[in-house]
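Chemist: structure, please.
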Amino acid sequence: QVQLVESGGGLVQAGGSLRLSCAASGRTFRTYAMGWFRQAPGKEREFVAGSQGINWSGDSTHYADSVKGRFTISRDNAKNTVFLQMNSLKPEDTAVYYCAVDHSGSAQTTADEYDYWGQGTQVTISS
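Modeler: Just a heads-up that it's a prediction; the model follows:
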């Protein structure tokens, strides 16, 4: 069982920045893929960013096209924490943001591939 606790959400104006954090339990955090997803009211949960576990080679991070160049996922394996730095925020980024664990390590873009989820943190961007 992996427990995830997100923090860092809030209300900011368009063009502003937020940094989300997700602390995970578990001894093998570095092998997990970590993903960030978001869900806006009335919409399906969508992939935002993923970070592969250490056993995967190649590009270790990837992003949805809608956030590429604005959001950055990073992780501190020593602290079992993954981050999502969000810059140049837009009103359409408003959603509940979730972090999730993919034990396979591959950081797929579909929610069904992830095994554990955090409780979510609200991000609201005003225009």
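Chemist: in stretch 46-56, which residues are buried?
Modeler: By 16 or more other C-beta atoms under 10 Å, the buried positions in stretch 46-56 come out as 46, 47, 48, 49, 50, 51, 52, 53. (C-beta placed from N, C-alpha, C; glycine too.)
Chemist: tell me the one among the residues you listed nearest to residue 122.
Modeler: residue 48 (14.5 Å; C-beta to C-beta).
Chemist: what sits against that closest one?
Modeler: Neighbouring residues of residue 48 by C-beta atoms under 8 Å, 6 or more residues apart in numbering: 35, 36, 37, 38, 63, 64, 67, 71, 84, 97.
Chemist: again, only this time at 7 Å
Modeler: Going by C-beta atoms under 7 Å, 6 or more residues apart in numbering, residue 48 touches 36, 37, 38, 64, 67, 71.
Chemist: then the fifth one would be within a strand, right?
Modeler: No: read with DSSP: H, G, I helix; E, B strand; the rest coil, residue 67 is coil and lies in no strand.
Chemist: how far away is it from residue 117?
Modeler: When C-beta to C-beta, to the nearest Å is the yardstick, residue 67 and residue 117 sit 19 Å from each other.
Chemist: neighbour count: these two, which is higher?
Modeler: residue 67 (23 against 17; other C-beta atoms under 10 Å).
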